[in-house]
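> no FASTA, just this:
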């Protein structure tokens, strides 16, 4: 039986609940909700869940710490469940991808994303899977950190949710059930 760890990144608290930077938390909640599961168990301040999926034990984690502190809980969870970098997928927001889109990636840099930076520092490697959820670039003159910590106005929320459908499809077909993806699947 294999092990997989899926991490959704975000910031704790109601103030950040439906902001661009919480795309990973939101995506993970929607994915589990579609399975009829809710993350309730807290371990050392992070939400944690284990389910069996086909031949794998799949663990889900929401590090309930601020984004730049995500690496510690991720490292601890990986040690606890016996996961390596190839067993880890991180769902996160990405301002370099247009709103409503998502991309799958293995390895690479952090692109200025503090959650990824923290994970890479704690794991001492960039070699893990990612689903990059597009939130778009900030308007001219707006600071990127203010932008990602803001909510989706009006129509942008619907576009964001459409992009989450693609992100969750990538999670499913490229990471959880890659054999089901077939030739040419994914981004």
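Done, it's in. Everything quoted here is computed from the prediction, not taken from an experiment.

> show me where the chain has strands.
2-8, 42-43, 46-53, 56-62, 88-94, 102-106, 129-134 (DSSP state E).

> Give me the neighbour count for the residue lying closest to residue 156 once chain neighbours are set aside.
Residue nearest to residue 156 in three dimensions, not counting chain neighbours: residue 99, with 6.1 Å by CB to CB, 6 or more residues apart in numbering. For every residue, glycine as well, the C-beta is placed using N, CA and C. When neighbours are defined as other CB atoms under 10 Å, residue 99 has 19 of them.

> ok, residue 99 touching residue 161?
No: at 10.5 Å, residue 99 does not count as touching residue 161 under the criterion of CB atoms under 8 Å.

> Relative to residue 48, how far out is the residue nearest to residue 156?
30 Å (CB to CB, to the nearest Å).

> who touches the helix-or-strand element of the chain with minimal mean pLDDT?
One helix or strand of the chain scores below all others by mean pLDDT, DSSP states H and E: strand 42-43, with a mean of 79. For strand 42-43, contacts defined as CB atoms under 8 Å, 6 or more residues apart in numbering pick out 48, 64.

> Measure how far that strand is from the centre of its chain, please.
18 Å (CA atoms, centre = their mean, to the nearest Å).

> Apart from its chain neighbours, what residue comes closest to residue 171?
Using CB to CB, 6+ apart, the closest residue to residue 171 is residue 131 (5.5 Å).

> and that neighbour, what does it touch?
27, 89-92, 102-105, 167, 170-171, 174-175.

> and what of residue 141?
Counting by CB under 8 Å, 6+ apart, residue 141 has no contacts.

> can you put the strands of the chain in JSON lines and add distance to residue 156?
Output for the strands of the chain, formatted as JSON lines (distance: least, CB to CB, whole Å):
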{"stretch": "strand 2-8", "distance to residue 156": "20"}
{"stretch": "strand 42-43", "distance to residue 156": "31"}
{"stretch": "strand 46-53", "distance to residue 156": "26"}
{"stretch": "strand 56-62", "distance to residue 156": "23"}
{"stretch": "strand 88-94", "distance to residue 156": "13"}
{"stretch": "strand 102-106", "distance to residue 156": "15"}
{"stretch": "strand 129-134", "distance to residue 156": "11"}
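
> longest single helix anywhere in this structure?
helix 155-170 (DSSP state H).

> what inclination does it have with respect to strand 102-106?
40 degrees (axes from the mean of the first three to the mean of the last three CA atoms, to 10 degrees).

> so what does helix 155-170 touch, helix or strand wise?
On a contact count with 3 or more CB pairs under 8 Å, 6 or more residues apart in numbering; DSSP states H and E, helix 155-170 meets helix 23-34, strand 102-106, strand 129-134.

> Dead centre of this structure: give me the residue that sits there.
In the chain, the centroid-proximal residue (CA atoms, centre = their mean) is residue 91; its distance is 1.4 Å.

> so what's the residue lying closest to it once chain neighbours are set aside up against?
Distance criterion CB to CB, 6+ apart; nearest residue to residue 91, sequence neighbours excluded, is residue 24 at 4.0 Å. Residues counted as contacts of residue 24 (CB under 8 Å, 6+ apart) are 7-10, 62, 90-93, 115, 133.
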